[in-house]
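> Kindly generate the corresponding structure for this input.
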Amino acid sequence: MPRVPRDLTDAQWEMLDPLIPKPKCRKDGRGRPWRDRREVLDGILLILRTGAPWADLPERYPPYQTCHRRFQQWVRSGVIRSVLERLAENLRLRGGFHLEEAFIDGTFAPAKRGGAGVGKTKRGKGTKIMAVVDGVGLPVAVCVESATPHEVTLVQQTLAELFVDEPIERLIGDNAYDSDRLDRELAHTGVEMIAPHRNRRNRTQDGRVLRRYRRRWRIERLFAWLQNFRRLTIRWERRLDNFLGMLQLACELILLRHL
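Predicted coordinates:
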């Protein structure tokens, strides 16, 4: 199949090839041969980048039914999550992550087809994308949940999705994360929560600590990067795990740029 400029490069596929298991063939040799994994992944990534419906996948890729079915298989079997973890570990061993400080925030994705994990807000029905980035702005955890709960209640759930095997020392958020209860919960795990005060008469944090908040633009940059993947700007997947799979694929591409 001829390569197009936005498909995976040979160098990128060389890193991904050993991480994606080859499909098992039937012992009796019957059935249609499996389509090439690289071609299928290129088709899935085109849907991620453009936000196009699966049925509009160009003919130069495998049939859209094949790409959609393989994508769901990889989501259910944990292949996409596993690839993300191994890419992150590779980057960590190269000294690519800086977790002496990390930044957390959430963004909203309207959901047009409903499904699990859709909640009502003033902006309409949708899903919340939670993310944590390291000190240089690389994603280290992503999570999707109903848009209804307040972000402060989703911090622990988001941290549980860390795909980097390295502890976070300081977690920095905006004033929505100013919560004594959250501070105590994170302190028990060795994480210092840093957030500007919200409606407090007495300060609880030293101004020197809050200077780290100036670098919070790095998580906003991640959300700007994610907006380039049009499949994430509006949630079309009815299944929440499929939407998370798309989000994890986007993070994999971001990490690949730094490997």
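
> residues in contact with Trp13?
When contacts are counted by CB atoms under 8 Å, 6 or more residues apart in numbering, Trp13 is found next to Arg38. C-beta coordinates here come from the backbone N, C-alpha and C atoms, glycine included.

> Phe108 and Leu182: what is the separation?
Applying CB to CB, to the nearest Å, the value for Phe108 to Leu182 is 21 Å.

> Neighbour count for the two, which is higher?
Between Phe108 and Leu182, counting by other CB atoms under 10 Å, Leu182 is the more crowded of the two (19 against 15).

> starting at the chain centroid, how far to the strand or helix carrying that one?
When secondary structure is defined using DSSP states H and E, the element that contains Leu182 is helix 180-187. Computed by CA atoms, centre = their mean, to the nearest Å, the separation of helix 180-187 from the middle of its chain amounts to 25 Å.

> So which elements touch it?
Secondary structure elements in contact with helix 180-187, counted by 3 or more CB pairs under 8 Å, 6 or more residues apart in numbering; DSSP states H and E, are helix 155-159, strand 192-194.

> Can I get it as PDB, trimmed to CA atoms?
This file holds the C-alpha atoms of helix 180-187, laid out as PDB (Å, rounded to 0.1, in the frame of the first residue of the first chain):
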ATOM      1  CA  ASP A 180      -8.500  20.700  52.200                       C
ATOM      2  CA  ARG A 181      -9.900  17.200  51.900                       C
ATOM      3  CA  LEU A 182      -8.000  16.700  48.600                       C
ATOM      4  CA  ASP A 183      -4.800  18.000  50.200                       C
ATOM      5  CA  ARG A 184      -5.100  15.500  53.000                       C
ATOM      6  CA  GLU A 185      -5.900  12.600  50.700                       C
ATOM      7  CA  LEU A 186      -2.900  13.300  48.400                       C
ATOM      8  CA  ALA A 187      -0.600  14.000  51.300                       C
END
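
> export the helices and strands packed on helix 180-187 to CSV and tack on distance to Val75, mean pLDDT and mean neighbour count?
Supplementary listing: the helices and strands packed on helix 180-187 in CSV, determined by distance: least, CB to CB, whole Å; pLDDT from 0 to 100; neighbours: other CB atoms under 10 Å:
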stretch, distance to Val75, mean pLDDT, mean neighbour count
helix 155-159, 19, 95, 18
strand 192-194, 32, 90, 20
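
> Any chance of JSON lines for the ones you listed, columns distance to Glu145?
Formatted as JSON lines, the entries for the helices and strands packed on helix 180-187 read as follows, by distance: least, CB to CB, whole Å:
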{"stretch": "helix 155-159", "distance to Glu145": "7"}
{"stretch": "strand 192-194", "distance to Glu145": "19"}
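
> just so I know, which of these lies nearest Asp7?
Each of the helices and strands packed on helix 180-187 was scored for nearness to Asp7 using CB to CB, and the closest is helix 155-159 (31.5 Å).

> circling back: with Thr9 as the reference, name the closest of the helices and strands packed on helix 180-187.
Set against Thr9 and scored by CB to CB, the helices and strands packed on helix 180-187 come closest in helix 155-159, at 31.1 Å.

> how far does the helix or strand that that closest one is followed by sit from the chain's center?
Using DSSP H and E, the helix or strand that follows helix 155-159 towards the C-terminus is strand 170-172. On the basis of CA atoms, centre = their mean, the separation between the geometric centre of strand 170-172 and that of its chain is 19 Å.

> helices or strands next to the longest helix belonging to the chain in the packing?
Of all the segments of type helix in the chain, defined by DSSP state H, the longest one is helix 240-256. On a contact count with 3+ CB pairs under 8 Å, 6+ apart, helix 240-256 meets helix 10-16, helix 37-50, helix 64-77, helix 79-93, strand 124-133, strand 139-146, helix 217-227, helix 230-233.

> try 7 Å
Based on contacts counted as 3 or more CB pairs under 7 Å, 6 or more residues apart in numbering; DSSP states H and E, the elements that helix 240-256 packs against are helix 37-50, helix 64-77, helix 79-93, strand 139-146, helix 230-233.
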